[in-house]
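Trainee: Got a predicted structure here, sequence first:
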Amino acid sequence: MAVEQADTVVGAQVELKGSLKNRGSIHIHGNVTGDVHSDAAVIIGETAVVTGPVSAKVVEVAGQVHGSITAEEHIELHPKCLVKGDLNTKRLSIKPGATFIGKSSMPMSDGEMGDIEKKKPRLEIE
Amino acid sequence: MYYYIFEPPQGPKEYERTAQIKDLLSQLGIAGEMAAPQPGRSIEDLVKVAIAKRYSTIVTVGGIDLINRVARAIVSHDVVLGIIPLSDDPDIGELIGTTDWRVAAEQLKRRRWQHIQLGSMNGMGCFLTAATVQVPAGKEFGIKTPDFELNSEGPTLISITPLRQSETPVAGLDLCIQTEQKPKTGLLSFFKGKQEVHETSHFTVTELSLTTTEAYPIMVAGENISETSVDITTETKGIRLIVGKGISN
């Protein structure tokens, strides 16, 4: 029986170098240098500093990310966060107070491009 | 068929409980040879006797220390491990689904077993329940896995537990690193108020090397079984353990 892997958590006092991959979610509160990938969510806490690419279904950033972020579903940048890198996702939410330096791209299918006039904007900047 | 290794009873209450257990085993029709370690006859000696006599099931009647020692001794042999717990240690509950000796005795009769992984240190010492290392304050340590390297410093409790089959279809270890929080003092911390600090790290790894600047004991169920630095992986053979209904295969 295939069962979900337990969550991976990097504590605030930890410095980690290398590749961090997990089928379940990854919570980072420490210092990570390397690529981070989850089949579920990557949550980057206020005390976290990540240097390297981050990819997951959902990515939430409250700390610092120096690298690109790719999310299958959505990216959420919380107040006080710092992101230096490109964002690639279908839905992007940037809260007031967040700092984002980079490009964002939001891939759409041809059908979606045709309906763009009728649709609500998917980039939310509060 | 069943070989029972009893923890030596201490005091009249434990003697009475031992008698009750023996009675219940007879009532259930699963009484077998019964032995207890004593000076000159260790737990490991008793396991050798049971294997030589071709018993198919060795049952520990005692605490987590006895269970770990028997598990280590049977790892390369074709025998099934049974447990009748004499303490309410949560590790035992997690392993067999109960800490009640009466329920555990009934589970033995049903003989429903599960394959259980053991951790292995430097290819030698095995462990069934968590192996822990306490790193003192200010002392650095490093953990290297096939995927990443991690560095931090004490005061930290490092806990390594073999994954149960119900948690994952592959071999693996559960690694938990718990840093003790230093109390924050000073005026600034007073004004900033309480800040939530996430001090616990948690990973699932296939193997790891733990290095420390000084040697620290590695404890399993209160017993010092090795010391750092150490390479830890899973014992490929594992053991077969009799479990309750609630434990999934």
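Mentor: Cool, got the structure. Just so it is clear, the structure is predicted and the values come from calculations on it, not from any experiment. Residues are numbered from 1 along each chain as shown, chains lettered A, B, ... in the order given.

Trainee: With just CA atoms, put stretch B:39-49 into PDB.
Mentor: In PDB, the C-alpha atoms belonging to stretch B:39-49 read as follows (Å, rounded to 0.1, in the frame of the first residue of the first chain):
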ATOM      1  CA  PRO B  39      23.700 -14.300  35.900                       C
ATOM      2  CA  GLY B  40      25.600 -16.400  33.300                       C
ATOM      3  CA  ARG B  41      22.600 -16.800  31.000                       C
ATOM      4  CA  SER B  42      22.000 -13.600  29.000                       C
ATOM      5  CA  ILE B  43      19.000 -12.700  26.800                       C
ATOM      6  CA  GLU B  44      21.200 -13.400  23.800                       C
ATOM      7  CA  ASP B  45      22.000 -16.900  25.200                       C
ATOM      8  CA  LEU B  46      18.300 -17.600  25.600                       C
ATOM      9  CA  VAL B  47      17.600 -16.600  22.000                       C
ATOM     10  CA  LYS B  48      20.400 -19.000  20.800                       C
ATOM     11  CA  VAL B  49      18.800 -21.800  22.900                       C
END
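
Trainee: Check which residues of it are buried.
Mentor: B:43, B:46, B:47 (16 or more other CB atoms under 10 Å in any protein chain shown). For glycine as for every other residue, the C-beta is placed from the backbone atoms N, C-alpha and C.

Trainee: contacting residues around residue B:137?
Mentor: Shown here is residue B:137, whose contacts under the criterion CB atoms under 8 Å, 6 or more residues apart in numbering or on different chains are B:153, B:154, B:155, B:180.

Trainee: if you set the cut-off to 7 Å instead, what comes out?
Mentor: B:154, B:155 (CB atoms under 7 Å, 6 or more residues apart in numbering or on different chains).

Trainee: Tell me how far it lies from residue B:157.
Mentor: 12 Å (CB to CB, to the nearest Å).

Trainee: so residue 82 bridges to which residues?
Mentor: Since no chain was named, I'll use chain A. residue A:64, residue A:99 (DSSP bridges).

Trainee: Wait, chain B was what I had in mind.
Mentor: For residue B:82, the beta-bridge partners under DSSP bridges are residue B:59.

Trainee: Repeat that for residue B:226.
Mentor: Bridge pairing for residue B:226 - DSSP bridges - gives residue B:218.

Trainee: same deal with the one 5 residues further on?
Mentor: Listed beta-bridge partners, residue B:231: residue B:209 (assigned using DSSP bridges).

Trainee: That one contacts residue B:209, doesn't it?
Mentor: Yes - counting by CB atoms under 7 Å, residue B:231 touches residue B:209, with 5.0 Å between them.

Trainee: Leaving out sequence neighbours, find the closest residue to residue B:75.
Mentor: residue B:126 (5.2 Å; CB to CB, 6 or more residues apart in numbering or on different chains).

Trainee: which residue is nearest the middle of chain B?
Mentor: Note on chain B: the residue nearest the mean C-alpha position is residue B:129, at 1.7 Å, using CA atoms, centre = their mean.

Trainee: Skipping adjacent residues, who's closest to that one in space?
Mentor: Closest to residue B:129 by CB to CB, 6+ apart is residue B:91, at 4.4 Å.
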